[in-house]
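Chemist: sequence unknown, structure follows:
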């Protein structure tokens with residue numbers, strides 16, 4: 001009997017440790033964006049979104065964000081299935097502790113949007129526009145709500161970013177080259193093959209622009225613009241939505257546009273050089 005009791009205790013202690021570790025990770029660690037319980041934040045339930053503001057944040061201009069959802073829905077021809085959730089952090093340490101990124105903003109596959117404290121500061125200084133950047137992130141959140149976490153992880157990253165930048169009119173703001181600059185850079189030989197983006201092949205490509213990611217995002221927005229130009233907005237939306245049910249990108253592209261994706265990219269690059 002004594003032996004069985006020791007085994008029970010030995011089995012229980014690791015279980016308690018694991019449960020405690022998971023609780024910490026969800027409440028204060030890297031799993032925070034997926035936590036069902038939010039601690040240390042005040043929630044503001046606005047008509048179209050919920051904003052969580054960490055204790056200690058000196059910022060109260062977030063109500064203006066509530067008007068952005070309708071603009072995002074109009075472009076994508078989708079409605080939010082649930083209110084998007086924004087999280088505003090007190091300081092860099094809190095942001096890094098609870099996220100997996102060092103970017104100003106990050107949208108998780110479950111649609112929650114993390115907003116860094118320095119993004120708030122840059123908006124107040126006029127370096128960036130929170131409205132523009134949040135339209136970008138709301139694009140991600142909206143699509144994630146409609147495709148689910150697993151599909152979101154497999155969705156073409158270049159297309160997600162191209163849609164977000166194009167729909168938010170982000171080209172030509174802050175560090176992003178505008179449309180004409182981007183096309184001129186492509187004409188000069190700068191080009192990130194879309195399907196290489198986010199893979200190890202990405203590092204093989206040299207880009208002659210100070211902000212590499214900003215150029216890539218603007219390039220992808222130009223490709224989105226080109227696809228809308230050659231096929232119309234509805235055909236582009238059909239392509240965007242079809243990829244939520246079929247992960248074979250090239251097959252979906254051929255079915256919708258009637259041309260090979262690589263051939264279309266070739267035509268796009270030739271048009272950029274004119």
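Modeler: Here it is on my side, so go on. In this text, all values refer to a predicted model and were calculated from it rather than measured experimentally.
Chemist: need the helices for this protein, in chain order.
Modeler: 2-28, 68-76, 92-98, 117-125, 130-154, 157-167, 179-187, 212-231, 233-242, 249-257, 261-272 (DSSP state H).
Chemist: Tell me which of those is the most buried.
Modeler: Most buried of the helices of the chain, by mean neighbour count (mean count of other Cβ atoms under 10 Å): helix 157-167, with a mean of 23. C-betas here are computed from N, CA, C, even on glycine.
Chemist: Can you pull the poorly scored residue ranges out of the stretch 151-274 of the chain?
Modeler: 274 (pLDDT under 70).
Chemist: could you dump the helices of the chain to a markdown table with distance to residue 86?
Modeler: Output for these, formatted as a markdown table (distance: least, Cβ to Cβ, whole Å):
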| stretch | distance to residue 86 |
| --- | --- |
| helix 2-28 | 19 |
| helix 68-76 | 10 |
| helix 92-98 | 13 |
| helix 117-125 | 11 |
| helix 130-154 | 8 |
| helix 157-167 | 15 |
| helix 179-187 | 29 |
| helix 212-231 | 21 |
| helix 233-242 | 23 |
| helix 249-257 | 30 |
| helix 261-272 | 34 |
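Chemist: between these, which one is nearest to residue 111?
Modeler: Set against residue 111 and scored by Cβ to Cβ, these come closest in helix 130-154, at 4.2 Å.
Chemist: Give me the angle between that closest one and helix 212-231.
Modeler: Interaxial angle of helix 130-154 relative to helix 212-231 (axes from the mean of the first three to the mean of the last three Cα atoms, to 10 degrees): 80 degrees.
Chemist: packing partners for helix 130-154?
Modeler: Using 3 or more Cβ pairs under 8 Å, 6 or more residues apart in numbering; DSSP states H and E, the elements in contact with helix 130-154 are helix 68-76, strand 105-107, strand 113-115, helix 117-125, helix 157-167.
Chemist: just so I know, which of the helices of the chain lies nearest residue 197?
Modeler: helix 157-167 (4.3 Å).
Chemist: Specify the angle between the closest one and helix 179-187 in degrees.
Modeler: 150 degrees.
Chemist: which residues sit against helix 157-167?
Modeler: Outside helix 157-167, the residues that touch it by Cβ atoms under 8 Å, 6 or more residues apart in numbering are 72, 75-76, 135-137, 139-140, 143, 170-171, 176, 192, 194-195, 197-198, 216-218, 220-221, 223-225, 240, 243.
Chemist: From the chain's centroid, how far away is it?
Modeler: Relative to the centre of its chain, helix 157-167 is centred 9 Å away, using Cα atoms, centre = their mean, to the nearest Å.
Chemist: same deal with stretch 200-218?
Modeler: 18 Å.
Chemist: Start and end of that stretch, how far apart?
Modeler: 20 Å (Cα to Cα, to the nearest Å).
Chemist: which residues are contacting that stretch?
Modeler: When contacts are defined by Cβ under 8 Å, 6+ apart, stretch 200-218 is touched by residues 158, 161-162, 164-165, 170-171, 174-179, 181-182, 185, 188-193, 196-197.
Chemist: Tell me who's in contact with residue 272.
Modeler: Applying Cβ under 8 Å, 6+ apart, the residues near residue 272 are 183, 186, 187, 222.
Chemist: from what I can see the first one touches residue 223, true?
Modeler: Okay, so that is residue 183. No - look at residue 183 against residue 223 with Cβ atoms under 8 Å: they stay out of range, at 11.0 Å.
Chemist: joint contacts of those two?
Modeler: Counting by Cβ under 8 Å, 6+ apart, nothing touches both residue 183 and residue 223.
Chemist: what about residue 56, how many neighbours?
Modeler: 10 (other Cβ atoms under 10 Å).
Chemist: In contact with it, which residues?
Modeler: Contacts of residue 56 by Cβ under 8 Å, 6+ apart are 90, 91.
Chemist: returning to what we had before: what about the helices of the chain, which gets the closest to residue 52?
Modeler: Nearest to residue 52, of all those, is helix 92-98, at 11.1 Å by Cβ to Cβ.
Chemist: which strands and helices sit next to the closest one?
Modeler: Looks like helix 92-98 contacts helix 117-125 (3+ Cβ pairs under 8 Å, 6+ apart).
Chemist: what pLDDT, on average, does the helix it packs on get?
Modeler: Averaged across helix 117-125, the pLDDT comes to 96.
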